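J.: Sequence below, structure please.
(one chain, ligands or ions: 1)
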Amino acid sequence: MELYELGIRQAQDGLAKGEFTSTDLVRSVIDRWRAKNGEIGAYLTFDEEQALALAKANPKAVPVAVKDLINVEGQPCTCASKMLKGYVSPYDATVIRNMKARGFIPAGRVNMDEFAMGSSTENSGLGVTRNPYDPTRVPGGSSGGSAAAVGGNLCIAALGTDTGGSIRQPASFCNCVGVKPSYGRVSRYGVTAFASSLDQVGPMAKSVEDAAILLGAIAGHDEMDGTTPEDPVPDYAKALEGASMEGVRIGIAKEYLDVEGVDPEVRRITDEAIAKCEAAGAELVEVSLPHTGYAMAVYYIIAPAEASANLARFDGVRYGHRSAEAKDVFSLDTKSRAEGFGPEVKRRIIMGTYVLSSGYYDAYYGRAQKVRTLIKRDFDEAFAKCDALLTPCAPTPAFRIGELQDPLTMYLNDLFTIPSSLAGVCASSVPAGFTRDTKLPVGVQFICGGFEEERLLRISRAFEEVAK
Ligand code: GLN
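T.: The predicted model follows:
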C-alpha cells in the first residue's frame, strides 16, 4: 500500500509508531499529485515547498487538501474565480489554525465551483475536475476538487464547505464520507463567504472515523465568528466506540422518497440501505416534513441574497481583478466585475440584488425567511420521533461533464441536502453502494439535530459497517 492511500487514522497510527514521517506522507501525496492530477484535475495548485516545510516542522502531522476558498497564509485563495487570480492569503483561517494545532497541515489547494456556487465543479473559472470513478463524469460540487482528491486517493483527507449540499453531494459522487456540521459548530473566519446564514466548513474523508477526527480538529468556539457558541467540542472519534444500529430510531420521510426524477438506482440503493439498517436492529419510524417542497425556492432566494451582499467587496479596489479598461470609478466597478465573475456568479448576484430590492424585499426575502422557520420546525418535530433521518443524498449518481446545461436542472441536485442546511442541523453523506451498470458510487444522507454530531457520526459509523 502506498502512503497516499492511507486515511487519517492509519496515517496517525503509522506516524505514532515511527513507521514514516510527515515528510514521507507529503512526498507520497506529491508523487501521486504529479502522476494523477493531469487526468483528474482535483488540485488547482500545490505548493510543494510550503507543504514540505510544514511537514518538516511537524513530523507527526497529517496533510489535508484544502478547498480553494479557505485562507492559508502564503497560499493562493482564488475561490476558483478569475476575480481572485493572483491573490495570496495574508493569514490562516481559524479552521487551518485549529487543524495545525491538532496534528494536521494544509497541503494543496483543490478546485471548486466558482465561489462555491454549483453542483458539478463545472462552474470553476480555473479548470476542469473529473470524477475518479469515471473521468467523463463530474465529481459533484461545489467541493468537487476535495471529493475527487479523496475518492481518487490524491490526498489523505480534505476540507470542503457546504452551503446547500456542497460537501454531501460530491461525497456521494466520489465515494467519500462527508460531514456538514451544524450551523455554528465550525468557525468561518478566513473562509470566503457565500451565504453567511448557511455556510459551514466540514471534513471529506475515506471513513467516518477519519471524518470524526478531522471535524474534532477544526470545530469549536472562535471569537472571530459570532455564530460559534462556547459549547465544548466532544471527542468525536471516541464517540464512535461501540457504534451500533441496535435500537436506533431511523426516520423515513415520504417527502424524500416519493420524489419525481430520482434515478431508479439511487432509489434501489436507498431502499436497500433502509433495509440493512432495519436488519441490523434499527427501528424504522415514519415521519413527515411537510414543508420540504418549499426548500428549493427558499434557498434560491436566501442564498443569492446573501451572496449578492457578500460579493460586493470584489470591486477591483479592495479586492479582486481590476479592469484595465476602466475610465472612471463607475466603469472600474462594472468592468472589473463583468470581467472577473463567471456566468453563474453573475446570475446569483442579479437574483440576490433583485429579491433584496425595495418593493420586493417583503415579497421574496421576508417571506422566504418565514418559510425557513417552518422548515426548521419540521425537523424539530421529526427529531421528537426519531434519532436520525435517512434520505438519498443526491437524486442521481455522477452525471456526465456537460450533461446538465440548464441551471435549474443543476439546482435540483441539492433537493435532498438543502432543507437540512436551511434548518442549520448536521448531516452526513456515507457511501452506500454502486450503480449496477455504470458502477458509480452512491451515498445516502443521515440528518441529525443541531449540535448532535456525536449521534450523527455514531449512526454513520454503524451504517458504514452494515453497508459492507
Ligand atoms: N449547489 C448549491 C448552490 O449552487 C449548493 C452550493 C454549496 O453548498 N456551496 O448553491
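
J.: May I have the residues that are in contact with the residue in the stretch 151-300 of the chain that the ligand sits nearest to?
T.: Per C-beta to the nearest ligand atom, the residue of the stretch 151-300 of the chain with the smallest distance to the ligand is residue 166, at 3.0 Å. In this view, the C-beta of every residue, glycine as well, is placed from N, C-alpha and C. Applying C-beta atoms under 8 Å, 6 or more residues apart in numbering to residue 166 gives the contacts 112, 113, 116, 119, 141, 142, 143, 160.

J.: ditto for residue 83
T.: With contacts taken as C-beta under 8 Å, 6+ apart, residue 83 has the following neighbours: 125, 314, 320, 321, 337, 340, 341.

J.: Adding distance to the ligand, secondary structure and pLDDT, write those residues out as JSON lines.
T.: Converted to JSON lines, the contacts of residue 83 look like this (distance: C-beta to the nearest ligand atom, whole Å; DSSP: H, G, I helix; E, B strand; the rest coil; pLDDT from 0 to 100):
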{"residue": "125", "distance to the ligand": "15", "secondary structure": "coil", "pLDDT": "98"}
{"residue": "314", "distance to the ligand": "17", "secondary structure": "strand", "pLDDT": "95"}
{"residue": "320", "distance to the ligand": "20", "secondary structure": "coil", "pLDDT": "90"}
{"residue": "321", "distance to the ligand": "22", "secondary structure": "coil", "pLDDT": "95"}
{"residue": "337", "distance to the ligand": "19", "secondary structure": "helix", "pLDDT": "97"}
{"residue": "340", "distance to the ligand": "19", "secondary structure": "helix", "pLDDT": "97"}
{"residue": "341", "distance to the ligand": "14", "secondary structure": "coil", "pLDDT": "98"}
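
J.: Buried among those residues? Need that as a selection in ChimeraX.
T.: In ChimeraX, a selection of the buried entries from these looks like this (16 or more other C-beta atoms under 10 Å):
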select :125,314,320,321,337,340,341
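
J.: and the contacts of residue 166 near the ligand, which?
T.: When contact is defined as C-beta under 6 Å from any ligand atom, those meet the ligand at 116, 119, 142.

J.: State the pLDDT value of the last one.
T.: With respect to pLDDT, residue 142 scores 98.

J.: now do residue 258
T.: 88.

J.: And residue 372, by the same measure?
T.: Here the pLDDT value assigned to residue 372 is 98.

J.: Go ahead and confirm it touches residue 422.
T.: Yes: proximity of residue 372 to residue 422 meets the contact threshold set by C-beta atoms under 8 Å, at 5.2 Å.

J.: anything in contact with each of these two?
T.: Shared contacts of residue 372 and residue 422, counting by C-beta under 8 Å, 6+ apart, come down to 298, 302.

J.: Give me the neighbour count for residue 280.
T.: One way to gauge burial is a neighbour count; for residue 280, by other C-beta atoms under 10 Å, it gives 16.

J.: tell me the contacts of it?
T.: Applying C-beta under 8 Å, 6+ apart, the residues near residue 280 are 244, 245, 246, 462, 465, 466.

J.: Do you know the pLDDT at the residue most central in space within the chain?
T.: Residue closest to the mean C-alpha point of the chain, counted by C-alpha atoms, centre = their mean, is residue 167 at 2.0 Å. At residue 167, the model reports a pLDDT of 98.

J.: Kindly report the same for residue 358.
T.: On the pLDDT scale, residue 358 is placed at 89.

J.: I'd like to know how many residues surround it.
T.: 6.

J.: ok, it - contacts?
T.: Counting by C-beta under 8 Å, 6+ apart, residue 358 has no contacts.

J.: That one falls within a helix, correct?
T.: No: for residue 358, which was evaluated using DSSP: H, G, I helix; E, B strand; the rest coil, the result is coil, with no helix membership.

J.: What residues sit buried inside stretch 302-321?
T.: Judged by neighbour count using 16+ other C-beta under 10 Å, the buried positions of stretch 302-321 are 302-311, 314-316, 319-321.

J.: Could you identify the least confident member of these?
T.: For those, the least confidently modelled position is residue 319, at 85, judged by pLDDT.

J.: gap between that one and residue 199?
T.: 18 Å (C-beta to C-beta, to the nearest Å).

J.: Any regions of this structure where pLDDT drops low?
T.: For the chain, applying pLDDT under 70 flags no range at all.

J.: could you redo the ones next to the ligand among the contacts of residue 166 as TSV and give each row secondary structure and neighbour count?
T.: Rendered in TSV, the data for those read as follows (DSSP: H, G, I helix; E, B strand; the rest coil; neighbours: other C-beta atoms under 10 Å):
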residue	secondary structure	neighbour count
116	helix	30
119	coil	28
142	coil	35
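
J.: shouldn't residue 169 be in contact with residue 392?
T.: No: taking contacts as C-beta under 8 Å, residue 169 lies outside contact range of residue 392: 10.5 Å.

J.: Between those two, tell me which one has more neighbours.
T.: The residue with more neighbours, out of residue 169 and residue 392, is residue 169; 34 against 27, by other C-beta under 10 Å.

J.: Then the more buried one would be within a helix, right?
T.: Yes: looking at residue 169 with three-state DSSP, it is inside a helix.

J.: what does the stretch 201-350 of the chain put close to the ligand?
T.: By the criterion of C-beta under 6 Å from any ligand atom, the positions of the stretch 201-350 of the chain lying close to the ligand are residue 303.

J.: Just the closest residue of the stretch 201-350 of the chain to the ligand, please.
T.: residue 303 (5.4 Å).

J.: now residue 346: how far from residue 69?
T.: Counting by C-beta to C-beta, the gap between residue 346 and residue 69 amounts to 18 Å.

J.: Spit out the contact partners of the residue nearest to the centre of the chain.
T.: Each residue near residue 167 by C-beta under 8 Å, 6+ apart is listed here: 143, 146, 160, 161, 178, 179, 180, 202, 204, 429.

J.: Let's see which of the residues you listed end up in helices.
T.: With helices taken from DSSP state H, the overlap with these comprises residue 146.

J.: Now the two most distant members of the contacts of residue 167.
T.: 161 and 429 (14.1 Å; C-beta to C-beta).

J.: Mind checking which of the two has more residues around it?
T.: For residue 161 versus residue 429, the count of surrounding residues by other C-beta under 10 Å is larger for residue 429: 35 against 27.

J.: Which element, helix or strand, includes residue 296?
T.: In the assignment (DSSP states H and E), residue 296 maps to helix 295-310.

J.: swap in residue 54?
T.: Residue 54 is part of helix 48-57, with elements assigned from DSSP H and E.

J.: Just the buried positions in the helix or strand following that helix, please.
T.: The first helix or strand that comes after helix 48-57 along the chain, using DSSP H and E, is strand 62-67. Taking 16+ other C-beta under 10 Å as the neighbour-count basis, strand 62-67 is seen to contain the buried residues 62, 63, 64, 65, 66, 67.
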